[in-house]
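Engineer: got a structure for you, letters missing:
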């Protein structure tokens with residue numbers, strides 16, 4: 001098991017603003033809106049991230065994605081705020 005040290009809010013904001021995606025974040029799927037092709041993930045630090053079905057790695061099937069499923073992902077900047085990308089099973 002890899003332990004990633006906790007980041008401060010300032011560090012997290014810098015990563016989001018700069019689009020740094022080399023640090024994977026772990027969390028659980030909070031909600032899936034199947035008919036619209038998106039959902040939300042709650043990270044272990046309590047932050048919530050939007051994801052689109054196109055952001056899923058080939059290890060996950062959007063149709064079989066379940067609430068409370070553990071995933072890891074990278075964070076990217078978007079016009080509407082931070083979102084998850086390269087989402088895969090944790």
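Structural biologist: Alright, I've got the coordinates. The shown structure was predicted, so the numbers you read here are calculated from the model rather than taken from an experiment.
Engineer: where does this structure dip in pLDDT?
Structural biologist: Within the chain, the segments meeting pLDDT under 70 span 1-22.
Engineer: Report the outermost residue of it with respect to its centre.
Structural biologist: No residue in the chain has its C-alpha farther from the mean C-alpha position than residue 35, which lies at 19.6 Å (CA atoms, centre = their mean).
Engineer: ok, which stretches of this structure are helices?
Structural biologist: Per DSSP state H, the chain carries helices over the ranges 9-18.
Engineer: in stretch 52-72, what's buried?
Structural biologist: Neighbour-count burial for stretch 52-72, with 16 or more other CB atoms under 10 Å as criterion, is recorded at 52, 53, 55, 56, 60, 62, 65, 71, 72. Quick note: C-beta positions are derived from backbone N, CA and C, even for glycine.
Engineer: ok, residues contacting that stretch?
Structural biologist: 24-32, 34, 37-39, 41, 73, 83-90 (CB atoms under 8 Å, 6 or more residues apart in numbering).
Engineer: Also stretch 37-50?
Structural biologist: Around stretch 37-50, the neighbours that count as contacts under CB under 8 Å, 6+ apart are 6-7, 12, 25-33, 51-54, 62, 65, 71, 73, 75, 78, 80-84, 87.
Engineer: could you flag which of the residues you listed are buried?
Structural biologist: Buried subset of those (neighbour count, 16+ other CB under 10 Å): 12, 25, 27, 29, 32, 51-53, 62, 65, 71, 73, 75, 82-84, 87.
Engineer: So which of the residues you listed are in strands?
Structural biologist: Counting by DSSP state E, the buried ones among the contacts of stretch 37-50 place 25, 27, 29, 32, 51, 52, 71, 73, 75, 83, 84, 87 in strands.
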